[in-house]
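Participant: what would the 3D arrangement of this be:
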Amino acid sequence: MLVIGKHPVLELLKSTPKSLNKIILLKTLNPERKSREIVRLAEENSIRILYLSREDFGKYFNNKNKSEGITQGVLGFIKEYKYFTLKEIIKKAEKIPNPLLLILDEITDPHNMGAIIRSAVCLGADGIIIPRHNSSEVNHTVIKTSSGSVNFIPIAKETNISNSIDALKFKDFTVIGTDSSANQTIFEIDFKKPVVLVIGSEGKGIRKKVRSRCDLLTRIPLMNRIESLNASVSAGIFLYEIFRQKNS
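Facilitator: Sure, this is the predicted structure:
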């Protein structure tokens, strides 16, 4: 995966340098503060730096990807994220008292996904499952938005989320779906048990076939006429209530 420009590359070097495997710089790059900091952080983290002529630099950044941004003479290359399997996540979770797993059902916005992953790590979730199709990948935007939190929680990518839910229920997880029309609010649910929390997309919510697999549905009580919150904001509120209950 390609990261383009001084600021995005520098942010990755600061937040999650392990995600980068090499950096390419133009030989004629102006050695101003950001450029010097990129070189310093790359060297500190043993990340390979290549200095290339404009002609050779252009071989990495051609007309096919110029729509992605202005390079400013800096390109970063991210290692491909290595997903876990559902079996691996379950095996890890079985060793934890009252584990919490998340299913992100068709969250396509990488900024939302990154923010949810960051909240999940901060608030003690033990694993995340995403669908193989119609979902954001763990890409450079997710890594950046999560502030590197993707390195601290296992993430699985599964072909059939309904089957994944069945497998989790077989392992005695209670599967709780989030739905703005649910009868029970989060303050009426007991989260002190092995839980799978299902978060739906901002536009459509949880898919019907996934909702039907949930043991129960819950919602955040809201005032005024706003029907729902941003997906990452909602996830943060649900995660905090689970964290609060487990630590009270």
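
Participant: surely E88 is within a helix?
Facilitator: Yes: assessed by DSSP: H, G, I helix; E, B strand; the rest coil, E88 belongs to a helix.

Participant: burial count for it?
Facilitator: By other Cβ atoms under 10 Å, 13 other residues sit near E88. Placement of C-beta: from N, CA and C, glycine included.

Participant: got the confidence number for it?
Facilitator: On the pLDDT scale, E88 is placed at 97.

Participant: and what of N62?
Facilitator: With respect to pLDDT, N62 has a value of 61.

Participant: repeat for the one 5 residues further on
Facilitator: Each residue has a pLDDT score; the one for S67 is 40.

Participant: for N230, same thing?
Facilitator: Per the predicted model, pLDDT is 88 at N230.

Participant: burial of it, as a residue count?
Facilitator: A count of nearby residues for N230, using other Cβ under 10 Å, gives 13.

Participant: K192 now?
Facilitator: K192, neighbours per other Cβ under 10 Å, totals 12.

Participant: would it count as being in a strand?
Facilitator: No: K192 is assigned coil when assessed by three-state DSSP, not a strand.

Participant: which positions within the lengthiest helix in the chain qualify as buried?
Facilitator: When the chain is parsed with DSSP state H, its longest helix is helix 231-246. Using 16 or more other Cβ atoms under 10 Å as the test for burial, helix 231-246 gives 231-236, 238-239, 241-243, 245-246.

Participant: run through who's touching the worst-scoring helix or strand of the chain on mean pLDDT.
Facilitator: In the chain, the helix or strand scored least confidently by mean pLDDT, DSSP states H and E is strand 2-4, which has a mean of 80. The contact list for strand 2-4 (Cβ atoms under 8 Å, 6 or more residues apart in numbering) reads 9, 12, 20, 60-61, 65, 68-71, 74-78, 140.

Participant: what comes up buried for it?
Facilitator: V3, I4.

Participant: state the paired neighbours of that strand in the sheet, together with their directions.
Facilitator: strand 74-78 (antiparallel) (DSSP bridges).

Participant: for the partner strand, the distance to its chain's centre please.
Facilitator: Its chain's C-alpha centre and that of strand 74-78 lie 20 Å apart, by Cα atoms, centre = their mean, to the nearest Å.

Participant: ok, now stretch 81-88?
Facilitator: Stretch 81-88 sits 14 Å away from the centroid of its parent chain (Cα atoms, centre = their mean).

Participant: could you do stretch 24-42 as well?
Facilitator: Using Cα atoms, centre = their mean, the offset of stretch 24-42 from its chain centre is 29 Å.

Participant: centre of the chain to stretch 127-141, how far?
Facilitator: Using Cα atoms, centre = their mean, the offset of stretch 127-141 from its chain centre is 7 Å.

Participant: look at it and report the distance between its end residues.
Facilitator: 20 Å (Cα to Cα, to the nearest Å).

Participant: offset the numbering so it begins at 448, please.
Facilitator: In the new numbering, first residue 448, that becomes stretch 574-588.

Participant: quick one: average confidence on it?
Facilitator: Mean per-residue pLDDT for stretch 574-588: 92.

Participant: list the buried residues of that stretch.
Facilitator: G574, I575, I576, I577, P578, S582, S583, E584, V585, N586, H587, T588.

Participant: re the thing from before, which of the buried residues of helix 678-693 sits closest to P478?
Facilitator: S679 (37.8 Å; Cβ to Cβ).
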